[in-house]
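Asker: With the input below, show me the fold.
(one chain, ligands or ions: 1)
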Amino acid sequence: MMLQPVREITGKDRDQWELLWAAYNAFYGRDGASALSGTVVETTWGRLMNADEPVFGFVFENEARLLGLAHCVFHRNLIHVANTCYMQDLFTAPEARGKGVGRALLAGIRVFCKSRGVDNIYWHTQTHNATARKLYDDVGQNTEFLVYRWAI
Ligand SMILES: CC(C)(COP(=O)(O)OP(=O)(O)OC[C@H]1O[C@@H](n2cnc3c(N)ncnc32)[C@H](O)[C@@H]1OP(=O)(O)O)[C@@H](O)C(=O)NCCC(=O)NCCS
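Answerer: Predicted coordinates for the structure are as follows:
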């Protein structure tokens with residue numbers, strides 16, 4: 001059972017999802033010339049809609065308007081039997097911030113994970129993202145791991 005008004009994403013959310021997803025990507029500089037390609041957007045949407053993919057989307061809806069989204073990926077974890085949840089994206093529409101949307105999305109993912117036997121959620125954020133860190137420090141524990149990336 002999901003927390004209301006957070007729910008799993010469905011096919012009818014496509015247009016509003018795409019706007020929120022573009023705004024989230026723009027937050028990370030992926031806009032204009034460096035925006036995600038149509039192929040990536042289509043592929044991601046297709047995976048979110050495919051029950052066989054370990055990729056899940058959640059939205060916060062108010063009066064038919066989507067005010068926020070979160071995506072996560074379940075994957076194996078070699079020190080646990082159960083899968084682990086990686087929350088890849090969390091975004092609240094700018095005009096809806098500070099009203100509990102982000103916190104509700106996190107809580108919704110928690111409920112969803114529990115219902116699937118997944119008892120660990122982790123995510124990344126940038127050290128300077130003070131707003132997100134205020135929420136994250138309240139909800140989770142800072143692992144103090146650094147993330148490295150190696151483009152191949
Ligand atoms: C981070 C983000 C998702 C928070 O969403 P939100 O819906 O505004 O968050 P909430 O209203 O649920 O607030 C949760 C907590 O965050 C903190 N917070 C939220 N907005 C804040 C602000 N403008 N200034 C300071 N703290 C703030 C508060 O501690 C708040 O706790 P409270 O509920 O006790 O007041 C949102 O600001 C966002 O989308 N930012 C841009 C994208 C981003 O940074 N995503 C996360 C990347 S990892």
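
Asker: just the helices in the protein please.
Answerer: Taking DSSP state H, the helices of the chain run over residues 14-27, 38-49, 101-115, 130-139.

Asker: Highest mean neighbour count out of those helices?
Answerer: Mean neighbour count (mean count of other Cβ atoms under 10 Å) peaks for helix 101-115 among these, with a mean of 19. For glycine as for every other residue, the C-beta is placed from the backbone atoms N, C-alpha and C.

Asker: Please state the offset of that one from the chain centre?
Answerer: Put simply, helix 101-115 sits 10 Å off its chain's centre (Cα atoms, centre = their mean, to the nearest Å).

Asker: can you check stretch 104-120 too?
Answerer: Chain-centre distance of stretch 104-120: 12 Å, with Cα atoms, centre = their mean.

Asker: Quick one: residues in contact with that stretch.
Answerer: By Cβ atoms under 8 Å, 6 or more residues apart in numbering, the residues outside stretch 104-120 that reach it are 1-3, 5-8, 56, 58, 60, 68-70, 72, 74, 77, 80, 82-85, 87, 90, 92, 121, 135, 139.

Asker: can we see that at 7 Å?
Answerer: For stretch 104-120, contacts defined as Cβ atoms under 7 Å, 6 or more residues apart in numbering pick out 1-3, 6, 56, 58, 60, 68, 70, 72, 74, 80, 82-85, 87, 90, 121, 139.
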